[in-house]
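1. Next come a sequence and a model predicted from it.
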Amino acid sequence: MRLKPEQLAAALKKGPAPVYVVSGDEPLLVDEAAAQIREALRGQGVGERRAFEAGAGFGWAEWLAGFDSLSLFAERRLVELRLPTGKPGVEGGKALEAWCANPPAETFLLVLLPRLDRAGQSAKWFAALERAGAVVTPYPPGLEQLPAWIGERLARHGLKADRETLAWLAARVEGNLLAAHQEIEKLALLLPPGPVGLAQAREAVTDVARYDVGDLAEALLRQDPVRYCRILDGLRAEGEGAPLVLWVLANEIRTLYRLAAGLARGETLAALYGQMRIWESRQAQLGRALKRLTLAQLARALGQAARADRAAKGLAREDAWELMRQTGLGLMGPARATINRPL
């Protein structure tokens, strides 16, 4: 059975399942779901908790054999198993399948693992876990959902912020939910219940946003120059290498150029997406970008990216980061290209 995080509380009230799996890449959300399961099981009389981490060399046979017998007077127990790689291997997979086929008496299993790809979710051991209990996969909120997520968390403390304040907070904690949680807790300690103004938020909140290189390409496609500049500066401050950032940026521009060139030859977007193996999740953004960009603009941008590449390799006396800024802003329209730094 698969559950959305918001369905977990209701499912736990109906009674505990013998097996729970929490799979995700956001530590805060995984930990919160696990804590919710632990608390519910404690309410069901589960008094013992044993935790294991299945790293390299983990003794799966010994682990499974250790739960074969249970004293008549022993407490109900929770066994937590963390799989850091999400891959138990052949022996581990068989051990998990054996557990699900014959769960130890009065014992609940909680498996914590990173988000699995399609192949991982199709594995026999994962299917056995899903059949035996419940799988919860918490996804972090996207950029558009982050203000609402922050607002809901503030409301738990009796705090309420307007749209402008929530947008400002989201920009300061993007990509770092654990830090976002800490900042919300800080606001709850510093402020009494009630409205939270932008000035109060500015005074209390530290800029803890973390960006991935892929966020830069997303900002480019969304035509968001302020966020584009903020991400670029954030990556530079975090010590990200200019060649990697440039590779991602140039690859996105190259994709757009190939699509635009195909359209100029009379091909359809659907055919081009298929030829270039572009996922459906990216097609809408690319399609919108192509409506406002010309083949000539994209060719110029590729030329600028080549200049930035030479600068990044020390072959030109230019700042590769500034060239990347100019390249991205140049694709967002002449009026927007005057923006030099994020607000």
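-> Noted; the coordinates are in hand. Residues are numbered from 1 along each chain as shown.
2. mind checking the longest helix of this structure?
-> Longest helix of the chain, by residue count under DSSP state H: helix 242-264.
3. now the end-to-end length of stretch 158-177.
-> One end of stretch 158-177 to the other measures 20 Å (Cα to Cα, to the nearest Å).
4. can you give me the offset of it from its chain's centre?
-> 17 Å (Cα atoms, centre = their mean, to the nearest Å).
5. and that stretch, what's its mean pLDDT?
-> Taken as a whole, stretch 158-177 carries a mean pLDDT of 87.
6. and residue 276, how far is that from residue 288?
-> 17 Å (Cβ to Cβ, to the nearest Å). Glycine gets a C-beta too; all of them are placed from N, C-alpha and C.
7. What number of residues are in the vicinity of the nearest residue in space to residue 138 that is not next to it in sequence?
-> Here the nearest residue to residue 138 in space, its sequence neighbours aside, is residue 29; by Cβ to Cβ, 6 or more residues apart in numbering that works out to 3.7 Å. By other Cβ atoms under 10 Å, the residues close to residue 29 number 21.
8. so where's this structure uncertain?
-> Residues of the chain meeting the criterion pLDDT under 70: 68-74, 206-209, 333-343.
9. In it, mark out all the strands, start to finish.
-> 2-3, 19-23, 46-53, 76-82, 107-113, 134-136, 159-161, 194-196 (DSSP state E).
10. Looking at those strands, which one is packed in the most?
-> Ranked by mean neighbour count, these are led by strand 19-23 with a mean of 25 (mean count of other Cβ atoms under 10 Å).
11. so what does it touch, helix or strand wise?
-> Counting contacts by 3 or more Cβ pairs under 8 Å, 6 or more residues apart in numbering; DSSP states H and E, strand 19-23 packs against helix 27-43, strand 107-113, helix 124-132, strand 134-136.
12. so can I have a markdown table of these showing distance to residue 215?
-> Output for the helices and strands packed on strand 19-23, formatted as a markdown table (distance: least, Cβ to Cβ, whole Å):
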| stretch | distance to residue 215 |
| --- | --- |
| helix 27-43 | 19 |
| strand 107-113 | 25 |
| helix 124-132 | 29 |
| strand 134-136 | 26 |
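13. can you redo the strands of the chain as a markdown table with distance to residue 231?
-> Shown next, in a markdown table, are the strands of the chain (distance: least, Cβ to Cβ, whole Å):
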| stretch | distance to residue 231 |
| --- | --- |
| strand 2-3 | 33 |
| strand 19-23 | 28 |
| strand 46-53 | 34 |
| strand 76-82 | 32 |
| strand 107-113 | 29 |
| strand 134-136 | 30 |
| strand 159-161 | 23 |
| strand 194-196 | 26 |
